[in-house]
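J.: give the three-dimensional model of this entry:
(one chain, ligands or ions: 1)
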Amino acid sequence: MTLPLGNSVRNRDQKESNMHDEDFLFLARLARRMGGLALNDGKGAKLEERLKPLAQRFGLRDGAALVAQLRLGHEALAGAVLEALTVSETSFFRDAAMFARLRDEILPALMAARSGKRRLRIWSAGCASGQEVWLLAILLDALPLQGWTVDLIGTDLSGASIRRAEAGLYSQFEVMRGLSEEDVARYFAPQEQGFLVSERLKHMVRFRVFNLLDSFGWLDDLDLVLCRNVLMHFDRSQRLSVLERLADVLTPDGVLVLGETENVQPLMSLYQDMPDQRMSGALGFYARARSLRSRASARRSDAPQTVRSSSCVSRAAAVSAKMRG
Ligand SMILES: C[S@@+](CC[C@H](N)C(=O)[O-])C[C@H]1O[C@@H](n2cnc3c(N)ncnc32)[C@H](O)[C@@H]1O
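T.: Modelled structure (predicted):
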């Protein structure tokens, strides 16, 4: 799937535009290389429109001037362009059936299998402004996890999204869009500007800026990974690379949850579909394949063989949120 960016890469409709086809193709390559994103080749005019505020922010005349700066290696601008090109739509209970399945089936099974070690590691990859992660924290808070060590980590490429997630302040519209009144009363404090996540939940969660193209490093031994509605915007080869590396960092019985319109194909040698026994409509659940083939034999010829250099996030950044005891 490609990002819905606009009209024509040839930009014929935009008579006053100074941008050339090569500029749009440069932007598409930059988005793919830096963020794995697939920009739709046929949609350039809206792309320029979308970058206009950014050009202004950086004191640049127009899209052409912006691309000229990018070509000179303006790193801060490149990061900002990438953020501007991502789709950050999210909400509390974006997919109620999925969260119900986590609560009723997946988390209890993971806990039963870890009753000895009493440790759970959960990663929400591409968590946008954090609603998904707070919701996971609410689910975990209702489980008998006294004395357990639970790592609940939310990451996103976008620094602005992570800052919002960390702040945990949401408008009335946002909290009402999916949360029950009881949960709002229990886990949020009303403020002038909206509703603030309680300290009780804040102790359970850590957020980090992290690009999925970077080395996963400390993101290892994960029991549950949510990577929902992220890879659908990726270029195919980068999507396969991320899926392959996610299989690698899951524990042997770990579970990957994708968005309901996403799947792990064609990497079915790395994952096993987890059919929805209750027919609740909760799709996108995958277990790591029991016998993972060796990486060399499993790697498809079209999946990229390399990942970007190690992330600035170090293993030391992994955080243990000791929950209630
Ligand atoms: C549509 S939102 C999905 C949010 C949430 N997972 C959900 O399903 O509600 C996609 C998120 O993926 C993030 N993203 C895009 N490319 C990324 C990358 N290369 N690394 C990390 N996050 C990325 C975007 O910044 C955006 O916040």
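J.: ok, so what distance separates the residue nearest to residue 171 when sequence neighbours are not counted from residue 26?
T.: Sequence neighbours aside, residue 194 is the residue nearest to residue 171 in space, at 4.5 Å (criterion: C-beta to C-beta, 6 or more residues apart in numbering). For the C-beta atoms, the positions are set from N, CA and C on the backbone; glycine is no exception. For residue 194, the distance to residue 26 equals 39 Å [C-beta to C-beta, to the nearest Å].
J.: contact residues of this protein facing the ligand?
T.: 35-37, 86-90, 94, 126-128, 132, 156-158, 161, 211-213, 228-230, 259 (C-beta under 6 Å from any ligand atom).
J.: go again with 8 Å.
T.: 34-37, 82-83, 86-91, 94-95, 124-129, 131-132, 155-158, 161, 210-213, 226-230, 233-234, 238, 259 (C-beta under 8 Å from any ligand atom).
J.: derive a ChimeraX selection command for the buried subset of those residues.
T.: A single ChimeraX command selects the buried members of those (16 or more other C-beta atoms under 10 Å):
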select :34,35,36,37,82,83,86,88,90,91,94,95,124,125,126,127,128,129,131,132,155,156,157,158,161,210,211,212,213,226,227,228,229,230,233,234,238,259
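J.: so which of the residues of the chain next to the ligand are in helices?
T.: Mapping the residues of the chain next to the ligand onto helices (DSSP state H) picks out 34-35, 82-83, 131-132, 161, 238.
J.: dump these to a markdown table, plus distance to residue 222 and pLDDT.
T.: Shown next, in a markdown table, are these (distance: C-beta to C-beta, whole Å; pLDDT from 0 to 100):
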| residue | distance to residue 222 | pLDDT |
| --- | --- | --- |
| 34 | 24 | 95 |
| 35 | 22 | 95 |
| 82 | 25 | 94 |
| 83 | 25 | 92 |
| 131 | 20 | 96 |
| 132 | 15 | 95 |
| 161 | 21 | 97 |
| 238 | 20 | 95 |
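J.: just those now: which is nearest the ligand?
T.: residue 35 (4.0 Å; C-beta to the nearest ligand atom).
J.: does that closest one touch residue 156 like I think?
T.: No: Residue 35 is not in contact with residue 156 according to C-beta atoms under 8 Å; the separation is 11.0 Å.
J.: anything in contact with each of the two?
T.: Shared contacts of residue 35 and residue 156, defined by C-beta atoms under 8 Å, 6 or more residues apart in numbering, are absent.
J.: give me the distance from stretch 81-99 to the chain's centre.
T.: 8 Å (C-alpha atoms, centre = their mean, to the nearest Å).
J.: what does stretch 251-266 give?
T.: Using C-alpha atoms, centre = their mean, the distance between the centre of stretch 251-266 and that of its chain works out at 13 Å.
J.: report the mean confidence score over it.
T.: Average pLDDT, stretch 251-266: 94.
J.: got a list of contacts for that stretch?
T.: Counting by C-beta under 8 Å, 6+ apart, residues outside stretch 251-266 touching it are 95, 98, 102, 106, 110, 113, 121, 221-232, 240, 243, 246-247, 250, 270-271, 274, 282-288, 290, 300.
J.: shaky segments in the stretch 201-325 of the chain?
T.: Within the stretch 201-325 of the chain, the segments meeting pLDDT under 70 span 291-325.
J.: helices of that one, start to end?
T.: All helices of the stretch 201-325 of the chain, identified by DSSP state H, counting those that start in this stretch, fall at 236-249, 295-298.
J.: turn those into TSV, columns for distance to residue 198.
T.: Shown next, in TSV, are those (distance: least, C-beta to C-beta, whole Å):
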stretch	distance to residue 198
helix 236-249	30
helix 295-298	42
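J.: of the ones you listed, give the one that comes closest to residue 189.
T.: helix 236-249 (35.0 Å; C-beta to C-beta).
J.: residue 147: how many residues sit nearby?
T.: 10 (other C-beta atoms under 10 Å).
J.: ok but it is inside a strand, no?
T.: No: counting by DSSP: H, G, I helix; E, B strand; the rest coil, residue 147 is not part of a strand but coil.
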